[in-house]
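S.K.: the following block contains a protein sequence and its predicted model.
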Amino acid sequence: MNLSYLVGVWYIVFSNFPMWTKGDKLNPTFNYQMKSKNGIIGLSDEVKFLKNGKPKSIKGWDKPLNQENTKFTWRGSGILFFTKSKWEIIFMSDDRNWMIIHFEKTMFTPEGYDVVCRNPNEIRKYKYEINLKLSELKISDLQEIKQ
């Protein structure tokens, strides 16, 4: 997959990640830009959300781990520099408007899944296809994340 397919804003629409399912952080998005770091082309990553009505963000960098650009190591920036996690794209729709992401357990977070899409207003259009793919992959217990 071309890394440029990931550039832009992705809205988290389904998840089992406690950070999004608790309900105190709203409108979460992944915001990717291609960037070169130490000679490696990867993704500058900013997770944005609202907490108590105020915009918050977590910044990091995603280093590709395979030539297909489907597996990554995320490393936080700033005070989160020592924080790392691995994640992978396990499915991307043919039109590249939504994808399913798996993230591994870390010292601070459980293993889980996110479904992200380009336009949350079109999620109804994809809901049947998303549920079919989740069922096929035997992924359950995801909650809808309100935008």
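M.R.: On my side now, so go ahead. Residues are numbered from 1 along each chain as shown.

S.K.: and the longest helix belonging to the chain, what does it pack onto?
M.R.: As assigned by DSSP state H, the longest helix anywhere in the chain is helix 123-136. Where contact means 3 or more Cβ pairs under 8 Å, 6 or more residues apart in numbering; DSSP states H and E, helix 123-136 is packed against strand 8-15, strand 98-103, strand 112-117. Every C-beta, even on glycine, is put in place using the N, C-alpha and C of the backbone.

S.K.: got the buried residues for it?
M.R.: Across helix 123-136, burial judged by 16 or more other Cβ atoms under 10 Å covers Ile123, Tyr126, Ile130, Lys133, Leu134.

S.K.: distance to Lys86 for the helices and strands packed on helix 123-136 - can I get that in CSV?
M.R.: As requested, these are arranged in CSV below (distance: least, Cβ to Cβ, whole Å):
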stretch, distance to Lys86
strand 8-15, 17
strand 98-103, 7
strand 112-117, 12
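
S.K.: dump the buried residues of helix 123-136 to a markdown table, plus pLDDT.
M.R.: What follows is the buried residues of helix 123-136, written out as a markdown table (pLDDT from 0 to 100):
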| residue | pLDDT |
| --- | --- |
| Ile123 | 87 |
| Tyr126 | 94 |
| Ile130 | 96 |
| Lys133 | 97 |
| Leu134 | 97 |
